[in-house]
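Enquirer: Sharing a sequence plus its predicted fold:
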Amino acid sequence: MSLETLWVLALLAACVVCFVLNRPRMDAVALIALVLLVLGGTLTLEEALSGFSQPSVILIALFFVIGEGLARAGIAHRVGDWLVVRAGGREARLLVLLMVATAALGSVMSSTAVVAIFVPVALRVAARVGTAPGRLMMPLAFAGLLSGMLTLVGTPPNLVVHGELQRRGHAGLDFFDFTPIGLVLLVLGIAYMLVARRWLVARTPPQTPAEGRRRRLRELAADYGLVDRTRRFRVNAGSPAIGRTLGELELRARHGANVIAIERQQGLAPMAVATSAHQAILPGDVLLVDFARADAAGDARRLIDEMALAELPFRRDYFSSLAREIGLAELLVPPDAAPIGRSILELRMRSQRGINVIGLRRGGRLLDEDPLHARLKMGDTLLVAGAWKDIRELAGAARDFVVLTLPAELDDVAPASRRAPLALAVLALTVALMVSGAVPNVVAALIGCLLMGAVRCIDLDSAYRSIHWQSLILIVGMLPFALALQKTGGIAWLVGAMLAATGDASPQAALAGLFVLTALVGLFVSNTATAVLMAPIGLGLAEQLGSAPEPFAMTVALAASAAFMTPVSSPVNTLVLGPGHYRFVDFVKIGVPFTVIVGVVCIVLLPLQFPF
């Protein structure tokens, strides 16, 4: 082994260690490695930057945009409503339909986004059939992972190995090359979960109301103790608050008083007005105030005296009477979300989104402290109040939170999007163009993105926000490693080590070893990074054995997506950890056997689809 080979392998090992520790971030590690390869003279500048011109990288970015267009058009929510109707009262039927629907959508959308959308749907239907959420959350996550095994665009690892095949002069993979084995795995996954669900016993009872109803405003308010903390005050003539904005009054800081809404006489009847820092107080306004501090009575008395207010009666069903203008919603903080570690005050939810945060639950327990000052953690649930328009925009576009509960009153004030058929038509056209080969895949996806914008399923700002730049930079930074390993003989050395480990066994045994190694790497590294690292090794192994490259490329892609074994192997697993009330060991005892099943199926069926 030459010194240059040793240098590249040592750098690769250092990257893997950094990926495991997640220090620094994976995209930063990839860029640092890229710079070091250039400074060390291993790669030229053009070679190091070649990842930016890879069609597979552009294709991944374009399908982030198409997936966001489908989400904004409400496709998954419509499927969820259909699921509620079709599931009836049978848990087994619900599990099958949930996994099929999740896998179908995830085959053309981000699996993490699909699972995030379906978490509240699964909670809702679990309540309807009277089952524990824990018996559905893990099947939901497994279906999200299996969705990446159904089509070429189902997950970035598929496109990574496709690009590596093309880079080596092969034809690459077709759109539906993954579908035959993916369907077999999906069927086996559903059958496996129908048996394994008996071991997914909930540790806490479901918190959703009986009979599968969507919770109403008064129920959300009661769950977060809002009814006992909220009061109404009329602004009397001569009040020092008149003419001043809520931001100027600083009622939250001075009195622990959060103004949720303002009742204002408009025409013949009072109307509820959403609050913002720039909302001015007028004579006769009625303020709906939530007191976050424990001394609510003392704060209320000081507020009345200082601002010349008069207290009015407050009915327990008051929030229902506001339903035409003001709503409530429950949000979940997902893994790797930007708000983690920050407070609500730092996020400026009211000024930037028009949303008031008025409750916080952590581990199922309502926090006593003011939610605005608490540092958010993954799995926290927030109760927010605001205008229905702002709540719907939050549900349709926000990536920092998952909307767990939208109350039933929303259906009466905000109809479902009417652009879902157009979004589906655009998706169908995009897939048809890719399958037919009439235009290159990247051009087909670009046409799909432009049409999504033309039919107003997505705007330019949302399109740019939808792209997961961290994943793209990770791929771009790590792709040149394949070239560096090839130039320095690193791939030949790694392939030789694998062949020495398997001896003179058949290509099928080498395939098995490749699956095991890729799956083990995937325990500590993201599936995209795993594919980037293992694809050149797998194809080098195929060349050394004189075998067709396709089964080895497919093995890398499928093993990289087989992240079933721990709750931190994939974001979709982490996303269901809290709602399903799981422990780490639950994923081990359910995920490890299924990973073995996936490996056996791949080793047996891939050589039949792509002969050696």
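Expert: Received it, and whenever you're ready, just let me know what you need.

Enquirer: Give the buried residues for the one helix or strand Leu541 maps to.
Expert: For Leu541, the host element (DSSP states H and E) is helix 527-545. By neighbour count with 16 or more other CB atoms under 10 Å, helix 527-545 contains the buried residues 527-542, 545. Placement of C-beta: from N, CA and C, glycine included.

Enquirer: Can I get the longest strand seen in the chain in PDB? Just the C-alpha atoms.
Expert: Ranked by number of residues, the top strand in the chain under DSSP state E is strand 257-266. This file holds the C-alpha atoms of strand 257-266, laid out as PDB (Å, rounded to 0.1, in the frame of the first residue of the first chain):
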ATOM      1  CA  ALA A 257     -49.800  38.100  30.300                       C
ATOM      2  CA  ASN A 258     -49.900  36.700  26.800                       C
ATOM      3  CA  VAL A 259     -52.700  38.300  24.700                       C
ATOM      4  CA  ILE A 260     -54.000  35.400  22.500                       C
ATOM      5  CA  ALA A 261     -56.800  37.300  20.700                       C
ATOM      6  CA  ILE A 262     -58.600  40.700  20.700                       C
ATOM      7  CA  GLU A 263     -62.400  40.900  20.400                       C
ATOM      8  CA  ARG A 264     -63.200  44.100  18.500                       C
ATOM      9  CA  GLN A 265     -66.600  45.500  17.500                       C
ATOM     10  CA  GLN A 266     -66.800  45.500  13.700                       C
END
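
Enquirer: could you say what helices and strands it packs with?
Expert: On a contact count with 3 or more CB pairs under 8 Å, 6 or more residues apart in numbering; DSSP states H and E, strand 257-266 meets helix 251-255, strand 269-274, strand 286-291, helix 296-307, strand 355-362.

Enquirer: what does the average pLDDT come to for the last one?
Expert: For strand 355-362, mean pLDDT is 84.

Enquirer: what does the longest one give?
Expert: Helix 296-307 shows a mean pLDDT of 82 in the predicted model.

Enquirer: Just want the angle from it to strand 257-266.
Expert: Note on geometry: by axes from the mean of the first three to the mean of the last three CA atoms, to 10 degrees, helix 296-307 and strand 257-266 are set 50 degrees apart in direction.

Enquirer: Tell me which residues of helix 296-307 come out buried.
Expert: Of all the residues in helix 296-307, those buried under the rule 16+ other CB under 10 Å are Ala296, Asp299, Ala300, Leu303, Ile304, Met307.

Enquirer: Break the chain into its domains for me.
Expert: As recorded under automatic domain parsing, the domains making up the chain are 3-51+484-609, 64-208+429-466, 217-321, 327-413.

Enquirer: how about those in TSV, adding distance to Ala423?
Expert: Shown next, in TSV, are these (distance: least, CB to CB, whole Å):
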stretch	distance to Ala423
domain 3-51+484-609	23
domain 64-208+429-466	4
domain 217-321	29
domain 327-413	12
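
Enquirer: Tell me which of these sits nearest to Gly477.
Expert: domain 3-51+484-609 (2.6 Å; CB to CB).

Enquirer: can you pull out the helices in the stretch 151-300 of the chain?
Expert: Ranges of helices in the stretch 151-300 of the chain, per DSSP state H, counting those that start in this stretch, are 156-167, 179-196, 217-223, 226-229, 246-249, 251-255, 296-307.

Enquirer: And the third one, what's buried?
Expert: What it means is helix 217-223. Leu217, Arg218, Glu219, Leu220, Ala221, Asp223.

Enquirer: if I look at the fourth one, how far off is Arg350?
Expert: Computed with CB to CB, to the nearest Å, the distance linking Leu220 and Arg350 is 19 Å.

Enquirer: Also the fifth one?
Expert: Per CB to CB, Ala221 is found 19 Å from Arg350.

Enquirer: How about Leu429?
Expert: Counting by CB to CB - Leu429 and Arg350 are separated by 41 Å.

Enquirer: Next: Asp228.
Expert: Distance, Asp228 to Arg350, using CB to CB: 23 Å.

Enquirer: Which residue of those two possesses the greater neighbour count?
Expert: Arg350 (27 against 11; other CB atoms under 10 Å).

Enquirer: what sits against the more buried one?
Expert: Thr275, Ser276, Ala277, Asn356 (CB atoms under 8 Å, 6 or more residues apart in numbering).

Enquirer: Scan those and report the most crowded one.
Expert: Neighbour counts for the contacts of Arg350 (other CB under 10 Å) peak at Asn356, which has 25 neighbours.

Enquirer: Check whether it really touches Ile262, as I assumed.
Expert: No: look at Asn356 against Ile262 with CB atoms under 8 Å: they stay out of range, at 11.8 Å.

Enquirer: Find residues that contact each of those two.
Expert: Residues within reach of Asn356 and of Ile262 at once, by CB under 8 Å, 6+ apart, are Thr275.

Enquirer: Tell me the spacing between Thr230 and Ser56.
Expert: Thr230 is 53 Å from Ser56, where distance means CB to CB.

Enquirer: what about those two, which has more around it?
Expert: Between Thr230 and Ser56, Ser56 has the larger neighbour count (other CB under 10 Å), namely 25 against 20.

Enquirer: Is that one located within a strand, as I assumed?
Expert: No: according to DSSP: H, G, I helix; E, B strand; the rest coil, Ser56 belongs to no strand; its state is helix.

Enquirer: pLDDT score for the residue lying closest to it once chain neighbours are set aside?
Expert: Spatial nearest neighbour of Ser56, chain neighbours left out: Gly163 (3.2 Å); criterion: CB to CB, 6 or more residues apart in numbering. In the predicted model, Gly163 carries a pLDDT score of 86.

Enquirer: for the one 10 residues further on, same thing?
Expert: Listed pLDDT for Leu173 reads 88.

Enquirer: Equivalent analysis for Thr151, please.
Expert: 90.

Enquirer: Tell me how far it lies from Val235.
Expert: Using CB to CB, we find Thr151 at a distance of 59 Å from Val235.

Enquirer: Next: Asp368.
Expert: Noted for Asp368: a distance of 30 Å to Val235, by CB to CB.

Enquirer: Of these two, give the one with the bigger neighbour count.
Expert: Taking other CB under 10 Å, Asp368 and Val235 do not tie; Val235 has more neighbours (21 against 10).

Enquirer: What is the end-to-end distance of stretch 47-56?
Expert: Start-to-end span of stretch 47-56 (CA to CA, to the nearest Å) is 16 Å.

Enquirer: Just the buried residues of that stretch, please?
Expert: Ala48, Ser50, Gly51, Gln54, Pro55, Ser56.

Enquirer: For the residues you listed, work out which two are farthest apart.
Expert: Pairwise distances across the buried residues of stretch 47-56 (CB to CB) peak at 18.2 Å, for the pair Ala48 and Pro55.

Enquirer: Contact partners for Ile391?
Expert: Ile391 neighbours (CB under 8 Å, 6+ apart): Gly327, Ala329, Ile355, Val384, Leu406, Leu410.

Enquirer: element containing it?
Expert: Using DSSP H and E, Ile391 falls within helix 388-397.
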